[in-house]
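Q: next come a sequence and a model predicted from it.
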Amino acid sequence: MERHRTKAKSQSSFVFFLATLITIAFFTQWLDISIITGSLQRTFSSQTYSEEFDCSINCSQISPLITTNKVINPSKQTCPEYFRWIHEDLRAWRDTGITKEMVEKAKNVAHIRIIIVNGRLYTQKYKDVYQTRDVVTVWGLLQLLRLYPGRLPDLDLMLECADKPVIKKHDYVGPDSSVPPLFHYCGDDSSYDIVFPDWSFWGWPEVNIKPWEELKEDIKEGSRRIKWKDKEPYAYWKGNAKLGTARRELLKCNISDRKDTKARIFAMEWKEEKKQNFRNTDLASQCNYRYKIYVEGVSWSVSQKYILACDSMALVVKPRYYDFFTRSLMPSIHYWPIDEKNLCKSIEYAVEWGNKYTKKAEEIGKDGSKFVQENLGMEYIYDYAFHVLNEYAKLLKYKPRVPQGAVETCSENLICSVKGQKRRFRKHSMVKNPSDSLPCDLPPAYDFAALRALFERKESLENRVFQRDF
């Protein structure tokens, strides 16, 4: 009898232990899933990369980063709308794919070739680049490899680091045309350049602009210091007026003894600012005007995100060029469009309208700021880079290999090779942990009807403003 009670007790203990294990497993899975799919946008591994580097070793002596963490639920949230433009930027190669010959055809115009094989990054430089645009872009790619170790496919791509798009559509007409794929920071309707996030997201030390994640918060705090109704009721712009015709025309819109056009234009003396390390161009302190003007220079400008990040209403002089996110901005919703053919009058009208309808003007300013603050966090910058590179890799019709003369580059040597502010910016923008979750889900391509509707809506909203029917 005693033996039976002991046996029953043992069985009960075993059942209780098993039930406890199942409950813990279920709860753990639920907790992980809730973290991944809930409000938190990114979960990180408990693994932390060291912030100290051994500068005595070469990149080849460092083991490549590999995936070690299992993703319980790979689906997270859908990427922002502007990710859909990835499909449009790669449409030229959708039917043909991309051959090695196509890639090497872009060598004549590219500044640098970037190869990623088995998680290791190699570069081959063709031309000198202004400041360190190429190096900082490579730094950003190395951080992408740290964020998603082992998840980026092998790649072979060309990058152009100057201002204007170079792969012109009129040079590749006809069914037998072979378009060379080229990554670039901006594009326009007459080019095939594949748009990629620019170097300034990881900091622009030459002009004392911090890495984006830090600067974005500084601008947000700067915007809060003054209530919108207490901001200066004028349109503000400060920049290098020597870059581009539109900026030189903008100087004519400044206040004068004869007329107040409601614009306050400040042309930077680049050489003088450089001598002072650009101490007088603190972007976080420039949110004290109700209206801020964006105008292109030689081509697109990295300044658009800084201008939008303030909750001032952005006055965007009708642009020709776009970067990776601006095509999803809508006039009179995220910004106020300015007619470049009637520049000064258009700015004056925008200010007068905004000062009359202050609540609506404040709403446009805040919606533009919200777009940037919510949709341009560094997690989305990395996700955009991941998806455009991943989709590009799917089109490659050959296996990328390291070409002769290419040099391996790693985070360690890009940290160890610099000092001062460059080093501080790189250490600050360095990815500290690999992500436990996959990038956001890439939304589908636009179909023809949806794309046409988008263009028509944008044109309609813009025309309403230009015709002063708003």
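A: Nice, thanks for sending it over.
Q: would you mark the buried spots in stretch 245-253?
A: Within stretch 245-253, the residues that count as buried by 16 or more other CB atoms under 10 Å are 246-247, 250, 253. To be clear about C-beta, it is placed using only N, CA and C from the backbone, and glycine gets the same treatment.
Q: equivalent analysis for stretch 262-278, please.
A: In stretch 262-278, counting by 16+ other CB under 10 Å, buried: 262-265, 267-268, 273, 278.
Q: which residues are in contact with it?
A: When contacts are defined by CB atoms under 8 Å, 6 or more residues apart in numbering, stretch 262-278 is touched by residues 207-209, 232-242, 250-251, 253-255, 280-281, 289, 293, 344, 347-348, 351-352.
Q: go again with 7 Å.
A: Residues from elsewhere that reach stretch 262-278 (CB atoms under 7 Å, 6 or more residues apart in numbering): 207-208, 234-241, 250-251, 253-255, 280-281, 347-348, 351-352.
Q: which among the residues you listed end up buried?
A: Among those, those buried by neighbour count (16+ other CB under 10 Å) are 207-208, 234-241, 250, 253-254, 281, 347-348, 351.
Q: in helices, which of those fall?
A: Secondary-structure check on the buried ones among the contacts of stretch 262-278 using DSSP state H: residues within helices are 250, 347-348, 351.
Q: count the neighbours of residue 355 for me.
A: A total of 14 residues lie near residue 355 under the criterion other CB atoms under 10 Å.
Q: now swap in residue 359 and tell me
A: Neighbourhood size, residue 359 [other CB under 10 Å]: 8.
Q: Three-state assignment for it, please.
A: Classification of residue 359 by DSSP: H, G, I helix; E, B strand; the rest coil places it in helix.
Q: which residues does it contact?
A: Here residue 359 is in contact with no residue (CB under 7 Å, 6+ apart).
Q: ok, it to residue 377 distance?
A: Going from residue 359 to residue 377 by CB to CB, to the nearest Å gives 28 Å.
Q: one more: residue 160?
A: Between residue 160 and residue 377 the computed distance is 26 Å (CB to CB).
Q: neighbour count winner among the two?
A: Neighbours around residue 160 and residue 377, counted as other CB under 10 Å, are more numerous at residue 160. The numbers are 27 against 16.
Q: surely the more buried one meets residue 109?
A: Yes. In this structure, residue 160 sits in contact with residue 109. The criterion is CB atoms under 7 Å, and the distance is 6.0 Å.
Q: any regions of the protein where pLDDT drops low?
A: In the prediction, the chain carries residues with pLDDT under 70 at positions 1-47, 67-76, 257, 279-280, 469-470.
Q: how distant is stretch 186-196 from the center of its chain?
A: On the basis of CA atoms, centre = their mean, to the nearest Å, stretch 186-196 is displaced by 15 Å from the centre of the chain it belongs to.
Q: now it: buried residues?
A: Across stretch 186-196, burial judged by 16+ other CB under 10 Å covers 186-188, 191-196.
Q: for the protein, what spans make up the helices?
A: When secondary structure is read from DSSP H, the chain shows helices at 2-37, 85-89, 100-105, 133-147, 212-224, 245-251, 270-275, 303-309, 343-356, 358-375, 378-395, 411-416, 420-428, 448-466.
Q: adding distance to residue 179, write those helices out as a markdown table.
A: Shown next, in a markdown table, are the helices of the chain (distance: least, CB to CB, whole Å):
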| stretch | distance to residue 179 |
| --- | --- |
| helix 2-37 | 39 |
| helix 85-89 | 12 |
| helix 100-105 | 7 |
| helix 133-147 | 22 |
| helix 212-224 | 31 |
| helix 245-251 | 29 |
| helix 270-275 | 36 |
| helix 303-309 | 27 |
| helix 343-356 | 35 |
| helix 358-375 | 30 |
| helix 378-395 | 12 |
| helix 411-416 | 32 |
| helix 420-428 | 35 |
| helix 448-466 | 20 |
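Q: for residue 66, find the nearest of the ones you listed.
A: Evaluated with CB to CB, the helices of the chain place helix 133-147 nearest to residue 66, the distance being 10.6 Å.
Q: run the angle between that closest one and helix 420-428 for me.
A: With axes from the mean of the first three to the mean of the last three CA atoms, to 10 degrees applied, the angle from helix 133-147 to helix 420-428 works out at 20 degrees.
Q: numbering from 24 from now on, please.
A: With the count now opening at 24, the last piece we talked about shows up as helix 156-170.
Q: ok, residue 200 - contacts?
A: With CB under 7 Å, 6+ apart as the criterion, no residue contacts residue 200.
Q: ok, now how distant is it from residue 264?
A: Separation of residue 200 from residue 264 (CB to CB) stands at 39 Å.
Q: again, but for residue 453
A: Taking CB to CB as the measure, residue 453 falls 35 Å from residue 264.
Q: same question, residue 203
A: Counting by CB to CB, the gap from residue 203 to residue 264 is 35 Å.
Q: and residue 210, by the same measure?
A: Distance of residue 210 to residue 264, given as CB to CB: 25 Å.
Q: before we move on, back to that, now, among the buried residues of stretch 285-301, which is nearest to residue 76?
A: Of all the buried residues of stretch 285-301, residue 76 sits closest to residue 301, with 28.1 Å by CB to CB.
Q: and the gap between that closest one and residue 251?
A: From residue 301 across to residue 251, the span is 27 Å (CB to CB).
Q: ok, back up a step: now the common contact residues for residue 183 and residue 132.
A: Common neighbours of residue 183 and residue 132 (CB under 7 Å, 6+ apart) are 189, 205.
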